[in-house]
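Participant: based on what follows, work out the 3D shape:
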Amino acid sequence: MLRQDEVLVVFAHTGDDTYSWAVTRESAEWSRLGLGGKYLMETVEKLRCGLDQGAWYGYGRNKCVDLVGGGAMATAQTGTVGLPFDVDAAHELYNDLFSSFGPLITGKHILIVPSGPLTQLPFHVLVTQPTDATSTHNNYKSVAWLGRRQPISVLPGVSSLKALREEARTSKANRPFIGFANPLLDGPDASYAEEAKAARTADSCLAARGPAAVQPVSLITKGGPDFDSVFRGASADLSQVRALVPLPDTTNEVCEVARSVDASMDDLWIGSRATERNVKRLSEAGELANYRIVHFATHGLIAGGYGQLQTSLAEPAIVLTPPPDGTGVDDLAVDDGLLTASEVATLRMDADWVILSACNSAAGGAKGAEALSGLARAFFYAGARALLVSHWDVYSSAAVELVTMAIEEVKSNPKIGRAEALRRSMDVIINQGSFRAHPAYWAPFVIVGEGAD
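Facilitator: Okay, the predicted model is just below:
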């Protein structure tokens, strides 16, 4: 099922070692890498401390200080782009993982099945050539990023490629885009009152057009309930869901994406309309299957996200506007504010893209990997061919720029595929230099699923 310009790379862990396989249409090679789980975990954590401001909050702060030093803490807490990303470590990890395959992978679309700590890092940020780190801190656009060199897609498992390509089909959807954003959340305390009131309807979409209209404000969750407390067993605690941090920037995000594909503002489900009940109703009526792009710009609750969601949540979920307190048990079974993976699997879609942005939807450790795998499979089962998901809380402007440029690339050049479209989008942003060239800005998104079409 592999195409001529593709290579499938599979990583697997056993004991304290790592193995890899590279498969093309013509050949297959394997390698024992000699990489222990502790080394991989510490390397990935170190790189994430230079990418993800969220790594500096809560339990991860002391670990990041140990790995990269405390000087980055102030940058992380101010929400600015500028964390010290270790390009030398990224180059060393690239050599550890890929050097044994050499020309077998060069110039090809890489389909990666990661495992263990490798599920926590977008492979785009690996560095293919040595770089003068002293000149890189303020000039990341000169770095030889793997994601700039060639397109990359991620698969939950080898079987996912088989399932996706056996069921390969052209979407029959006749509408371009539907977006769900900015669920009505109050935040953990009164300091979030203004954010909770902001941009609650499509009428508040910015009058100005274009990605530049969306400010580069981080969507980092700086406070709120322990995600573990959002659930009682496998059910939602409405008060805790409502206490999650509001995300008003996501209104502008979906507005700009909708404009870029000439979608109707009536297809934006924002604030009080962004409910689990409405998603299910649209699916049951067959309306959800009329959209080629389905965009959720909200929190995603993934096992391992922020290191907190560990034991009580049986499956990952997408946060939507919770119903009012006092909602009856029967109604809560339909809508408790959390669209779980098992509920996603029952939806009827015909989407080329499902975009999960601003939600840390690819983060987490081993449990997070299982959750992402489950969430991806649920969307594939529902009728999606690819997911665009984020490894950390994205900047609103970055989400708009990456998503709109990638969609425009596919529209202009249908044969290049989604992974190549994302590569071109990242390349454009990196070339702009300044804070946009920092991988924290351009690298959070990965294609999960079919990236070749």
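
Participant: next up, the contacts around the closest residue to residue 51 other than its chain neighbours.
Facilitator: Once flanking residues are discounted, residue 51 sits nearest to residue 440: 4.8 Å by CB to CB, 6 or more residues apart in numbering. Every residue, glycine included, has its C-beta placed from N, CA and C. Listed by CB atoms under 8 Å, 6 or more residues apart in numbering, the contact set of residue 440 reads 50, 51, 52, 53, 81, 83, 85, 392.

Participant: so the last one sits against residue 50, correct?
Facilitator: Pointing back at residue 392 there. No: the criterion here is CB atoms under 8 Å, and residue 392 misses it with residue 50 at 11.1 Å.

Participant: and the two? Which one has more around it.
Facilitator: residue 392 (26 against 23; other CB atoms under 10 Å).

Participant: mind checking which helix or strand residue 9 is in?
Facilitator: According to DSSP states H and E, residue 9 maps onto strand 6-14.

Participant: so what touches the helix or strand just after that strand?
Facilitator: Downstream of strand 6-14, the first helix or strand assigned by DSSP H and E is strand 17-23. Strand 17-23 is contacted by residues 2, 7-13, 28-37, 40, 97, 100-101, 104-105, 116 when judged by CB under 8 Å, 6+ apart.

Participant: restricted to strands, list these.
Facilitator: 7, 8, 9, 10, 11, 12, 13, 28, 29, 30, 31, 32 (DSSP state E).

Participant: need the residues you listed in CSV (columns: neighbour count, distance to residue 260 and pLDDT).
Facilitator: Shown next, in CSV, are these (neighbours: other CB atoms under 10 Å; distance: CB to CB, whole Å; pLDDT from 0 to 100):
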residue, neighbour count, distance to residue 260, pLDDT
7, 24, 32, 97
8, 22, 32, 97
9, 22, 32, 97
10, 18, 35, 96
11, 20, 35, 95
12, 14, 39, 92
13, 18, 40, 85
28, 11, 41, 94
29, 15, 41, 95
30, 13, 43, 95
31, 15, 42, 94
32, 10, 46, 94
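
Participant: which ones among the contacts of residue 440 map onto helices?
Facilitator: Using DSSP state H, the subset of the contacts of residue 440 located in helices is empty.

Participant: remind me what the strand holding residue 9 packs against, helices and strands.
Facilitator: On a contact count with 3 or more CB pairs under 8 Å, 6 or more residues apart in numbering; DSSP states H and E, strand 6-14 meets strand 17-23, strand 109-113, helix 158-166.

Participant: after the last one, which helix or strand is next? Please name it.
Facilitator: Pointing back at helix 158-166 there. Note on helix 158-166: by DSSP H and E, the next helix or strand toward the C-terminus is strand 175-181.

Participant: show the subsequent helix or strand relative to that next one.
Facilitator: helix 193-197.

Participant: buried residues in that next one?
Facilitator: For helix 193-197, a neighbour-count test (16 or more other CB atoms under 10 Å) marks 195, 196 as buried.

Participant: next one: that helix to chain centre, how far?
Facilitator: In terms of CA atoms, centre = their mean, to the nearest Å, the centre of helix 193-197 is set 25 Å apart from its chain centre.

Participant: what about the chain, any weak spots by pLDDT?
Facilitator: 58-59, 77-80, 133-138, 168-169, 206-235, 302-314, 358-373 (pLDDT under 70).

Participant: give me the residue at the spatial middle of it.
Facilitator: Nearest to the geometric centre of the chain sits residue 390, at 1.5 Å (CA atoms, centre = their mean).

Participant: make sure residue 94 is actually in contact with residue 130.
Facilitator: No: between residue 94 and residue 130 there is no contact under CB under 8 Å: 10.4 Å.

Participant: which one's more surrounded, the two?
Facilitator: Per other CB under 10 Å, whichever of residue 94 and residue 130 has more neighbours is residue 94, with 19 against 12.

Participant: where's the more buried one, which helix or strand?
Facilitator: If you go by DSSP H and E, residue 94 is part of helix 87-98.

Participant: checking the closest residue to residue 448 other than its chain neighbours next. Helix, strand or coil?
Facilitator: Of all residues not flanking residue 448 in the chain, residue 387 sits nearest, at 4.3 Å (CB to CB, 6+ apart). Of the three states, residue 387 takes strand under DSSP: H, G, I helix; E, B strand; the rest coil.

Participant: what of residue 292?
Facilitator: Classified using three-state DSSP, residue 292 is strand.

Participant: who's in contact with it?
Facilitator: Contacts of residue 292 (CB under 8 Å, 6+ apart): 171, 173, 175, 176, 177, 350, 351, 352, 353.

Participant: swap in residue 27?
Facilitator: Counting by CB under 8 Å, 6+ apart, residue 27 has contacts residue 104.

Participant: how much space between it and residue 51?
Facilitator: Counting by CB to CB, to the nearest Å, the separation of residue 27 from residue 51 is 34 Å.
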